[in-house]
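K.L.:
Need a 3D model of the sequence below.
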Amino acid sequence: MRMIEHKKTRIVLSWILPLLIMPPVVYLSTKLDSRYTAGMILLMVVLTLLLFLSGINRKEIGTRRMVLSAIFIGMAIAGRALPILKPVTALTILAAMYLGKEAGFLVGAFSAVLSNFFFGQGPWTPFQMLAWGLIGWLAGILAIPLQTHRWLMLGYGAITGLGYSMLMDIWTVLWHYEGFSAAYYGTVLITAMPHTLLYVGGNVLFLAVLGKPIGDKLLRIQKKYGI
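P.N.:
Numbers count the residues shown, from 1 in each chain. Okay, here's the model as predicted:
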């Protein structure tokens, strides 16, 4: 009975944390003084770890999943140093497809916060953590169809590339205004369109190139170690 209740609690947390708790935290980060930025980033890190732990049951220590997630995070951090095209979203999607939605959120969120130690931390970091995290979380939910249909995976990469840029543009508006300005948001979207299209194309390219080799290796690991 206690195991059933524990499982239900984990399932509830895996949905409540990314959908109901983290978004208000991220929104609040745009309203606070920059002195609180480090605290909001730390809070998002803690919530992300809680989400990851909610995907691990008592029979599974989760060490192997954590190691594989760390590898993906390392590749994503290194990938952000590449010029023009960045593989962060593609790697987040692939991690989620084969390691689960909680691991996908972890890879996306931690890739943002850890790489920003090199590229610059700031009030945008919680937004990046949430945006990339949700991309991975949703990819984990859609794992079976994304694994089965290559074009669906590529389409998901394109859509989430657009969605990530649009969400970060919301941060731009909220940071510069006391409230949301639809007119300014439209201007930001148009101004950022060349960068957005490049980002979308990069996602599709990296998924097309990395999807099969990484997927095949992770499937073999799944079968061998039962991850």
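K.L.:
mind checking which helix or strand of the protein has the lowest mean pLDDT?
P.N.:
helix 2-16 (a mean of 74; mean pLDDT, DSSP states H and E).
K.L.:
Flag every buried residue along stretch 122-132.
P.N.:
P123, W124, T125, P126, F127, Q128, M129, L130, A131, W132 (16 or more other CB atoms under 10 Å). The way it works is simple: take the backbone N, C-alpha and C, and place the C-beta from them, glycine included.
K.L.:
Quick check: the fourth one touching S29?
P.N.:
I take that to be P126. Yes - counting by CB atoms under 8 Å, S29 is a contact partner of P126 at 4.6 Å.
K.L.:
For L17, which non-adjacent residue is closest in space?
P.N.:
The shortest distance from L17 to any non-neighbouring residue, by CB to CB, 6 or more residues apart in numbering, is to L51 (4.6 Å).
K.L.:
what separates that neighbour from G211, distance-wise?
P.N.:
Distance of L51 to G211, given as CB to CB, to the nearest Å: 25 Å.
K.L.:
Would you mind telling me which of the two has the busier surroundings?
P.N.:
Higher neighbour count among L51 and G211: L51, with 25 against 20, using other CB atoms under 10 Å.
K.L.:
Contacts only, for that one.
P.N.:
Shown in contact with L51 (CB atoms under 8 Å, 6 or more residues apart in numbering): L13, S14, L17, P18, E102, F105, L106.
K.L.:
10 Å instead?
P.N.:
L51 makes contacts with 13-18, 21-22, 101-103, 105-106, 109, 133, 137, as judged by CB atoms under 10 Å, 6 or more residues apart in numbering.
K.L.:
Also I71?
P.N.:
Residues in contact with I71 (CB under 10 Å, 6+ apart) are L91, A95, V107.
K.L.:
let's see it at 6 Å
P.N.:
The contact partners of I71, by CB atoms under 6 Å, 6 or more residues apart in numbering, come to none.
K.L.:
Repeat that for T191.
P.N.:
So T191 contacts nothing (CB under 6 Å, 6+ apart).
K.L.:
Got the confidence number for the closest residue to Y156 other than its chain neighbours?
P.N.:
Leaving aside its chain neighbours, Y156 sits nearest to L146 (6.0 Å; criterion: CB to CB, 6+ apart). For L146, the pLDDT comes out at 97.
K.L.:
Hmm, L146 is touching M153, no?
P.N.:
Yes - using CB atoms under 6 Å, L146 is in contact with M153, at 4.6 Å.
K.L.:
Leaving out chain neighbours, which residue sits closest to G104?
P.N.:
A96 (2.3 Å).
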